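K.L.:
Dropping a prediction and its sequence here:
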Amino acid sequence: MAVVVSKVYCSNSEVVLVVRSRPPVVNGGGFIVTNNYTENVVFKVDGCGILGKKNEVILKDGDGHDLLLIRKKGGVIEALSMQKKWRGYSKDFEGCEKLVFCLKEPNNNSCFFKKMPIKVSIESNDYKNQKNFQIAGCFPDRACSIVDSNGNVIAKVGSRKEVQQVMPSKDVYIVTIKAGVDQAFVIGVIAILDYLYDGSTKC
């Protein structure tokens, strides 16, 4: 199993989750994630409309306990960099923040660089599997995948067919996660993508 956040979120079989954005009345409210079959809430993501902070989201479990604090690094050096970095932190048993993963957001406005894929890396020293991933496809169209350095798809975002047949919507979609892959890590990455593409997590 590829444990990033917790082995609790690594399943022996493929998992299909449903993402539902919170009502637009809650500006930047975030979204909830349920199991496609049991409809139980597995994760909750709070956006800046709830947190009152920009460039920050929090991933929680179904009971509302914090799993990941995800924030965009600031500062002068970061502002001058061609790549903006988002970092996901978990808390250890003593309550200290521990860096888990990093997402590098290319500066697509730069005239010196062509549009580059979004890259994700696992920063935990305890993680012994492949540590480098990238986002393939188009998240705003709900048609993208998280792919490892060997080209293997570990998770895929797609439209929920029964929803699309009634009313096309990007507020409800599915995430299919391969067996053994940490679901909390995948949803953490999706939370950042949601923010980057002006989703429900962003004010």
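P.N.:
Okay, I see it.

K.L.:
Gly49 should be in a strand, yeah?
P.N.:
No: counting by DSSP: H, G, I helix; E, B strand; the rest coil, Gly49 falls outside a strand, being helix.

K.L.:
hey, C-alpha coordinates of stretch 5-21 in PDB?
P.N.:
Only the C-alpha atoms of stretch 5-21 are listed here, as PDB (Å, rounded to 0.1, in the frame of the first residue of the first chain):
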ATOM      1  CA  VAL A   5      -1.400  10.300   5.100                       C
ATOM      2  CA  SER A   6      -2.700   7.200   6.700                       C
ATOM      3  CA  LYS A   7      -3.200   3.500   6.000                       C
ATOM      4  CA  VAL A   8      -6.800   3.900   7.000                       C
ATOM      5  CA  TYR A   9      -7.400   5.500   3.600                       C
ATOM      6  CA  CYS A  10      -5.700   2.800   1.600                       C
ATOM      7  CA  SER A  11      -8.100   0.200   0.300                       C
ATOM      8  CA  ASN A  12      -7.400  -3.300  -1.100                       C
ATOM      9  CA  SER A  13      -9.700  -2.600  -4.000                       C
ATOM     10  CA  GLU A  14     -10.500   0.200  -6.300                       C
ATOM     11  CA  VAL A  15     -12.600   3.000  -4.700                       C
ATOM     12  CA  VAL A  16     -15.100   5.300  -6.400                       C
ATOM     13  CA  LEU A  17     -15.800   8.600  -4.500                       C
ATOM     14  CA  VAL A  18     -18.300  11.300  -5.300                       C
ATOM     15  CA  VAL A  19     -17.400  15.000  -4.900                       C
ATOM     16  CA  ARG A  20     -20.200  17.500  -4.300                       C
ATOM     17  CA  SER A  21     -19.500  21.200  -4.100                       C
END
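
K.L.:
my guess is Ser68 meets Leu99, correct?
P.N.:
Careful, residue 68 is Leu; it's not Ser. No: using C-beta atoms under 8 Å, Leu68 is not in contact with Leu99; the gap is 10.7 Å. All C-beta atoms are positioned from the backbone trio N, CA, C, and that covers glycine.

K.L.:
Specify which residue of these two has the higher count of neighbours.
P.N.:
Between Leu68 and Leu99, counting by other C-beta atoms under 10 Å, Leu68 is the more crowded of the two (24 against 13).
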